[in-house]
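Asks: just a sequence and a predicted model for now, questions to come.
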Amino acid sequence: MINTIDPYSVAVGAYYARRRGLAPEQVLRVALPLVSSLTVEDFERLRQQIDDHFGPRTQALALAWTVPWSVDCNSITGALAAGFDAALCANSCARPSRASPYFNSPSARPLADHGFRPSMLLAAKDVEGAKALIDRGVASDSALARRGRPNVNVLLLTTGDVHRGVRQWLYPPAGPVPTIGIDVKVQNAGQWSAVPRVLMVTTGSATVDFEPPPSWAPGGLGDHLTSFGGALTSAFGHTTALDWIAAGATASHGAVSEPCNHLQKFPHPQVLLLHYLQGSTAIEAYWKSVAWPQQSLFVGEPLAAPFAAPIRPTP
């Protein structure tokens, strides 16, 4: 999807369509105000345009913009999938949001199977950053699906932040998994920048230090549990998903409004890793890892799939 009012969106959308070989009918052009949060009326018009253009055949969406990223307290990605939830905004911290039928699902057709169309923002700090993100996603396809490659590292970081560190209870045991070629490391957040070939980083903190930048494996995923990691253009002082993308990640996640630290509102590390290792795309793995995604903003190159089986050309 391309926002014709936004020069960033026009450039990034055209580049993505070319790099991923999209047909003209797979691209929808809309005109949206350049604001961080859509009104409910503008959002409902957008949703109708999507339904009219794509119908039931399109299972997921790539949104080629950085703004808008919310609809009131809902993320734009959450609202497009599950509908706008006005009741959540009365107290976005205390309330559970709508449960995702796609959570940990084996489905490869979420709209057909669950009536649920996930989306992901092709968001970056500038056009060149977005093109680099897209190139990383394309280059990652099937890059880790071959035998004999070097191991990649999964970093599950611990911090002294009691409230933001609650996902540590969900970490799997540390150690190598030779049959898959990964090494799971559970370690302090201050020691991770020197680790090579990083496939995934999970941590909990208001800010993340990306100096020096991580050494990513193809299709690297990274996110942190904090209140406003999905508030891409707001000055809350938190590291955002845009910062993960700028640091070289291929996909990330963040909340657009105060979620408290409900585990269901953030990616489950084991579920995220499991689906990615089984060949899911970045959009599938991230969406399947969040049980209550109404406030979740998903950012990155949606079709990146480093563990997918290579597509063999047909004579």
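Replies: Received, thanks. Since the structure is predicted, the reported quantities are computational estimates derived from the model, not experimental observations.
Asks: report the buried residues of stretch 91-107.
Replies: Neighbour-count burial for stretch 91-107, counted by 16 or more other Cβ atoms under 10 Å, picks out 92, 95, 97-98, 100, 102-103, 105. For every residue, glycine as well, the C-beta is placed using N, CA and C.
Asks: in helices, which of the residues you listed fall?
Replies: Per DSSP state H, helices hold no members of those.
Asks: quick one: residue 86 and residue 72 touch, right?
Replies: Yes. Counting by Cβ atoms under 8 Å, residue 86 touches residue 72, with 7.3 Å between them.
Asks: give the intersection of the neighbour lists for these two.
Replies: Common contacts of residue 86 and residue 72, defined by Cβ atoms under 8 Å, 6 or more residues apart in numbering, comprise residue 40.
Asks: ok, for residue 311, nearest residue in space, not its chain neighbours?
Replies: Nearest non-adjacent residue to residue 311, counting by Cβ to Cβ, 6 or more residues apart in numbering: residue 142, 7.6 Å away.
Asks: who are the neighbours in contact with that neighbour?
Replies: Neighbouring residues of residue 142 by Cβ under 8 Å, 6+ apart: 305-311.
Asks: for residue 307, which residues are in contact?
Replies: Contact analysis of residue 307 by Cβ under 8 Å, 6+ apart lists 142, 144-145, 276-280.
Asks: let's go with 6 Å and repeat that
Replies: Residue 307 is in contact with 144-145, 277, 279, counting by Cβ atoms under 6 Å, 6 or more residues apart in numbering.
Asks: quick one, which of those residues are buried?
Replies: Buried members of these, scored by 16+ other Cβ under 10 Å, are 144-145, 277.
Asks: secondary structure, pLDDT and distance to residue 218 added to those, as CSV?
Replies: Putting the buried ones among the contacts of residue 307 into CSV (DSSP: H, G, I helix; E, B strand; the rest coil; pLDDT from 0 to 100; distance: Cβ to Cβ, whole Å) gives the following:
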residue, secondary structure, pLDDT, distance to residue 218
144, coil, 97, 6
145, coil, 94, 10
277, helix, 97, 13
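Asks: okay, those in a markdown table with distance to residue 261 next?
Replies: Converted to a markdown table, the buried ones among the contacts of residue 307 look like this (distance: Cβ to Cβ, whole Å):
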| residue | distance to residue 261 |
| --- | --- |
| 144 | 31 |
| 145 | 35 |
| 277 | 26 |
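Asks: which one of these is nearest to residue 184?
Replies: The shortest approach to residue 184 among these belongs to residue 277, at 11.2 Å (Cβ to Cβ).
Asks: please, a ChimeraX command that selects the buried ones among the contacts of residue 142?
Replies: Burial among the contacts of residue 142 is assessed by 16+ other Cβ under 10 Å; the matching ChimeraX selection reads:
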select :305,306,307,308
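Asks: how about the contacts of residue 142 in a markdown table, adding distance to residue 10, secondary structure and pLDDT?
Replies: Below are the contacts of residue 142 laid out as a markdown table (distance: Cβ to Cβ, whole Å; DSSP: H, G, I helix; E, B strand; the rest coil; pLDDT from 0 to 100):
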| residue | distance to residue 10 | secondary structure | pLDDT |
| --- | --- | --- | --- |
| 305 | 27 | coil | 98 |
| 306 | 29 | coil | 98 |
| 307 | 33 | coil | 97 |
| 308 | 30 | coil | 97 |
| 309 | 34 | coil | 91 |
| 310 | 33 | coil | 85 |
| 311 | 30 | coil | 73 |
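Asks: looking at the contacts of residue 142, spot the one nearest residue 129.
Replies: Lowest distance from residue 129 to the contacts of residue 142 (Cβ to Cβ) belongs to residue 306, with 20.4 Å.
Asks: look up phi and psi at that closest one.
Replies: Residue 306 adopts backbone torsions of phi -70, psi -20, taken as degrees, to the nearest 10.
Asks: please, where are all the helices along the stretch 1-150 of the chain?
Replies: 7-19, 40-54, 76-82, 110-114, 127-140 (DSSP state H, counting those that start in this stretch).
Asks: among those, which is nearest residue 178?
Replies: Residue 178 lies closest, by Cβ to Cβ, to one member of those: helix 127-140, at 22.0 Å.
Asks: which outside residues touch the closest one?
Replies: With contact meaning Cβ under 6 Å, 6+ apart, helix 127-140 is reached by 8, 11-12, 15-16, 19, 122, 124, 218-219, 245, 250, 301, 304, 306.
Asks: let's see it at 8 Å
Replies: Helix 127-140 has contacts (Cβ under 8 Å, 6+ apart) with 8, 11-12, 15-16, 19-20, 122-124, 216, 218-219, 245-246, 248, 250, 282, 300-306.
Asks: please, where are all the helices along the stretch 201-315 of the chain?
Replies: Under the criterion DSSP H, counting those that start in this stretch, helices of the stretch 201-315 of the chain are mapped to 241-246, 269-277, 282-288.
Asks: tell me which of those helices is the most buried.
Replies: Neighbour counts (mean count of other Cβ atoms under 10 Å) averaged over each of the helices of the stretch 201-315 of the chain peak at helix 282-288, with a mean of 27.
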